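> model this:
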Amino acid sequence: MSLLISACATGTRLTPAQVELSGDGGEVNILWSAIPRPAPLPPLDHAALLLPVHFGSSEEKIFYMQFDLGHPSTVFYSHKWKAIAEKYQFVNSGDKLAAVNFKLGDMQVLAKDISIMQREGAGVDWGKDSVEVIGTIGADLIDGRVVVLDFKKDIVQFARERKGLHLASSKFQPFSFSGRRIVIPVTFDGEEKTVMYDSGSSAFSC
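Sure, this is the predicted structure:
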């Protein structure tokens, strides 16, 4: 199953967490996180949607953040951020960051007023091939932008305007984006309802 969503997201702006993308946008590859299950059950191959981020030069270690549109604001995880702050000499001011720069794919990101979510666990494994999930990218990333989630190609595209994207399909459905929640009208058994799209619950039933 593939899903293509195009959204020009507008609505009530919330604080904290203001995430700014430089330039006109770009394209990011999706990495799906898998969760093993006891035999004979197969693993959950699409347990979490991860996007690559890195600090410093392009040769530096690639980290990942879960792209969770059910979460209104971007956050970093405390046990991972402590090690990153020490490595890159970021000012670690307790439970919030005034500003931090990083790259999402090849796009430069400026994140302001980012909360540090308290988490227990190990620090960062600096091995090149280890998959380190260091936080959650929330719906603040898509606020005021055009975003395409292409699960057939496993990519996410970002642009300032819809005309900046090259889409295989031009079919769009209306939805609302209020309080950083994507709410879509649907019909179940002939009854009209509204549902919230949450990319953070991709492997789990509601």
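
> the residue lying closest to Leu141 once chain neighbours are set aside - how many residues pack around it?
In this structure, Leu141 finds its nearest non-sequential neighbour in Val19, 4.9 Å apart by C-beta to C-beta, 6 or more residues apart in numbering. Backbone N, C-alpha and C define where each C-beta goes, glycine included. Using other C-beta atoms under 10 Å as the criterion, Val19 is surrounded by 21 other residues.

> and if you look at Lys128?
Using other C-beta under 10 Å, Lys128 is surrounded by 7 other residues.

> offset the numbering so it begins at 53, please.
Sure, I'll start numbering at 53, so the last one becomes Lys180.

> so it touches Glu112, yeah?
No. In this structure, Lys180 is not within contact of Glu112 by C-beta atoms under 8 Å, at 10.1 Å.

> if we can go back for a sec, OK, contacts around the residue nearest to Leu193?
Counting by C-beta atoms under 8 Å, 6 or more residues apart in numbering, Val71 touches 126, 161-164, 189, 192-193.

> give me the pLDDT value at it.
Per-residue pLDDT puts Val71 at 86.

> so it is in which element?
Take DSSP states H and E as the rule and Val71 turns out to sit in strand 70-73.

> in that strand, what's buried?
If you call a residue buried by 16 or more other C-beta atoms under 10 Å, then strand 70-73 has these buried ones: 70-71, 73.
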